[in-house]
Each structure stands twice: as C-alpha cells, then as structure tokens.
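Engineer: Here is a sequence with its predicted model. Questions after.
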Amino acid sequence: MRVVWDELRSVDVAVCGSCTESFTSSRPGEVDAWAAAHICDAELVALLALVTNRRAA
C-alpha cells in the first residue's frame, strides 16, 4: 500500500500495489484508515498477476 500527498489536488491518495484499488480524501486520517482496513479482492489480484505475467513473457 502506498499513501502519497497529491499537492496539485490537495488530497491524500492511497493505492494498493496488489489490486490497484485506490482511495482519495482531503480529510486527515481518512486515507490511512482506508489503507489499514483494505482487503484485496483475491480474484482481481490473481487476474492482474496473470495478465502482468503474460505481458512480461
């Protein structure tokens, strides 16, 4: 999970490195709470891994 500050839009952004789901908020702590509670969709993670591996091959 990566949480960054988007200075252009003045919001925090969290992006999951496994399923690519993201969450954006201007409220302090909201993105961190989402990141801590996030659970990846197992099917989506498997599909993304399959597609990524095929493209790399």
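Structural biologist: All right, it came through fine. Residues are numbered from 1 along each chain as shown.
Engineer: Verify the contact between Asp41 and Cys16 for me.
Structural biologist: No: look at Asp41 against Cys16 with Cβ atoms under 8 Å: they stay out of range, at 9.9 Å. C-beta here means a position set from N, CA and C on the backbone, and glycine is covered the same way.
Engineer: now the top helix by length along the chain, how far from the centre of its chain.
Structural biologist: Looking across the chain with DSSP state H, the single longest helix is helix 42-56. The gap between where helix 42-56 is centred and where its chain is centred comes out at 15 Å by Cα atoms, centre = their mean, to the nearest Å.
Engineer: Could you do stretch 2-21 as well?
Structural biologist: 7 Å.
Engineer: Let me know the pLDDT of Gly17.
Structural biologist: Predicted confidence (pLDDT) for Gly17: 91.
Engineer: just checking, it touches Ala35?
Structural biologist: No: taking contacts as Cβ under 8 Å, Gly17 lies outside contact range of Ala35: 11.2 Å.
Engineer: coming back round to it: tell me which of Asp41 and Cys16 has more neighbours.
Structural biologist: Cys16 (19 against 13; other Cβ atoms under 10 Å).
Engineer: Find the nearest non-adjacent residue to Pro28, please.
Structural biologist: Asp12 (8.0 Å; Cβ to Cβ, 6 or more residues apart in numbering).
Engineer: Under the pLDDT cut-off, which ranges of this protein? List them.
Structural biologist: 54-57 (pLDDT under 70).
Engineer: ranges for the helices of it?
Structural biologist: Using DSSP H, helices in the chain cover 30-37, 42-56.
Engineer: helices or strands next to the shortest one in the packing?
Structural biologist: Just to be clear, that refers to helix 30-37. Helix 30-37 sits against strand 2-6, strand 11-15, strand 22-25, with contacts defined as 3 or more Cβ pairs under 8 Å, 6 or more residues apart in numbering; DSSP states H and E.
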